[in-house]
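> need coordinates for the following:
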Amino acid sequence: MRLFNPYYNRTGVLGQVTEWLWRAHRLNRRMHNKAWIADNRVCIVGGRNIGDEYFGASEHSNFSDLDVVLSGPVVADVSAAFDGYWNNPNAVPVSRFEGRAPRPEELEQLIVGAREYRLQAEEDPYVAALRDERKRAELFANRPPPLTVENVNVLVDDPAKVGAETTGLEASNVLAALAAAMSSATDELTDRLVLFRARPRGHAQPGERREAWRAHGGAHELARRHRRGRRAHWLWRASGANCCAAASSFTR
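Sure, this is the predicted structure:
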């Protein structure tokens, strides 16, 4: 197990705040990729985390994040992106963070807690529904057919962005590709984003040129598409439905 570009201070919140004050530029380069890859033949990519809220199973609130299952040559691209981050010097093995050795009773408490959680999960309505053979059969019978797409592109930011001084499109493969797609759209552009922050015209992030935002800002590019007679549809989740305030902060 490795951590990409982590906080090196593990002594508590105060130590991490101090590290942020000194190394904000490095720590603000996030890696939020999610990929589940099996034998380089099938992969699942998307925005969902592991939790009831991401699978429509929560009794309180659920998120709209989705995943896609991919097969074919594109899986090799996803795998290569994972290897790029795994082998990057900023990917730190967890063994490097040597903290206090756990006491024997703490390990036993962890095992007992895991067993209790498993018993509780077995009674969960979501798990019960998956165990019901009739409901499983209905689920598979009503699932949509696979979508065959000939041209799938995997966009991943370069892990070398950590510590880089570049900003804007030059610092992000993803943003550059999205800007190119928006500029080349001739009829219609449809995008679904979990997080989107439309900043006022001319308002730049720290260290970002205002001209870069004017030229490549997502909201203003959408307006230009509309004025040129092209339809643009963006669907994103409201900030009020966001599970993590930090996800809407000025991160890159």
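> Tyr8 against Glu19, yeah?
Yes - counting by C-beta atoms under 8 Å, Glu19 is a contact partner of Tyr8 at 6.7 Å. Using the backbone N, CA and C atoms, a C-beta is placed for each residue, glycine as well.
> contacts only, for Val152.
Leu70, Gly72, Val74 (C-beta atoms under 8 Å, 6 or more residues apart in numbering).
> helix, strand, or coil at the closest residue in space to the last one that isn't next to it in sequence?
The shortest distance from Val74 to any residue other than its chain neighbours is 4.6 Å, reached at Val152 (C-beta to C-beta, 6 or more residues apart in numbering). The three-state label given to Val152 by DSSP: H, G, I helix; E, B strand; the rest coil is coil.
> swap in Arg100?
Per three-state DSSP, Arg100 ends up coil.
> buried sites along stretch 71-79?
Residues of stretch 71-79 classed as buried: Val74, Val75, Asp77, Val78, Ser79 (neighbour count, 16 or more other C-beta atoms under 10 Å).
> quick one on the thing from earlier: and which of the contacts of Val152 is nearest to Arg103?
Nearest to Arg103 among the contacts of Val152 is Leu70, at 44.2 Å by C-beta to C-beta.
> across the sheet, point out what pairs with that closest one.
Under DSSP bridges, the beta-bridge partners of Leu70 are Cys43.
> hang on, it packs against Val45?
Yes - Leu70 is within contact range of Val45, at 6.6 Å (criterion: C-beta under 8 Å).
> which residues do those two both contact?
Val78.
> longest helix in the protein, by residue count?
In the chain, assigned by DSSP state H, the helix with the most residues is helix 104-122.
> got a list of contacts for it?
Taking C-beta under 8 Å, 6+ apart as the rule, helix 104-122 contacts Val127.
> CA atoms of that helix as CSV?
What follows is helix 104-122, C-alpha atoms only, in CSV (Å, rounded to 0.1, in the frame of the first residue of the first chain):
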residue,chain,number,x,y,z
PRO,A,104,-1.9,-6.9,21.7
GLU,A,105,-5.3,-5.9,23.2
GLU,A,106,-5.8,-3.3,20.5
LEU,A,107,-5.4,-5.9,17.7
GLU,A,108,-8.0,-8.1,19.5
GLN,A,109,-10.4,-5.1,19.8
LEU,A,110,-10.0,-4.5,16.1
ILE,A,111,-10.8,-8.1,15.2
VAL,A,112,-13.8,-8.1,17.5
GLY,A,113,-15.0,-4.9,16.0
ALA,A,114,-14.7,-6.3,12.4
ARG,A,115,-16.7,-9.4,13.4
GLU,A,116,-19.4,-7.3,14.9
TYR,A,117,-19.6,-5.1,11.8
ARG,A,118,-19.9,-8.2,9.6
LEU,A,119,-22.9,-9.4,11.7
GLN,A,120,-24.5,-6.0,11.4
ALA,A,121,-24.0,-5.8,7.7
GLU,A,122,-25.6,-9.2,7.2
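> what about that helix, distance to the chain center?
29 Å (C-alpha atoms, centre = their mean, to the nearest Å).
> again with stretch 158-177
16 Å.
> for it, which positions count as buried?
Applying 16+ other C-beta under 10 Å to stretch 158-177 flags Pro159, Lys161, Val162, Thr167, Gly168, Leu169, Ala171, Ser172, Leu175, Ala176 as buried.
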